[in-house]
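> Pasted the sequence and its predicted model underneath.
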Amino acid sequence: MALQFGSTLRNNRASQLQASVGTSGTLVFYSGSLPVNCAAANPTGVIATITLPSTFLTSSNGVTTLAGTWSTTASAAGTAACWRIFDGSAVCHMQGNVTSDIILNNPVIALGQQVTVTAFTFTDGNS
């Protein structure tokens, strides 16, 4: 039989990202390829860096979504390919692809363009 977790545990597991990143996290978008894992070097081509709200996630029934507004002005032009979420000490805690893991208002970014995350959702397993 496969493991099954209750809603409280699933929410707590998903909320651990918020706790690990803390209140001074950043979300960085890159034009380079997604690294193998968070321990690998950062991708090339920083396009935009969003300072995340102090509470940037909310969880319910094991599903975690964005809380607050995730937005900034682009620091470079390019097509956003991947992203990473860092804590205040620049430790990567999560990464993924643009369009499949995080949705932007427009992944083809011009210098000075407003970059806004319109959707971010992940579901804790074993539900």
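That came through fine.
> and the residue nearest to the spatial centre of the chain, what element?
By C-alpha atoms, centre = their mean, the chain has its centre lying nearest to residue 85, at 5.0 Å. Under the criterion of DSSP states H and E, residue 85 resides in strand 82-86.
> now whichever helix or strand comes after that strand against strand 82-86, angle please.
Heading C-terminal from strand 82-86, the first helix or strand you meet, by DSSP H and E, is strand 92-97. Relative orientation of strand 92-97 versus strand 82-86 (axes from the mean of the first three to the mean of the last three C-alpha atoms, to 10 degrees): 160 degrees.
> Excluding its own residues, what touches strand 92-97? List them.
17, 20-21, 25, 34-35, 37-39, 42, 81-87, 102 (C-beta atoms under 8 Å, 6 or more residues apart in numbering). Bear in mind the C-beta positions are built from the backbone N, C-alpha and C, glycine included.
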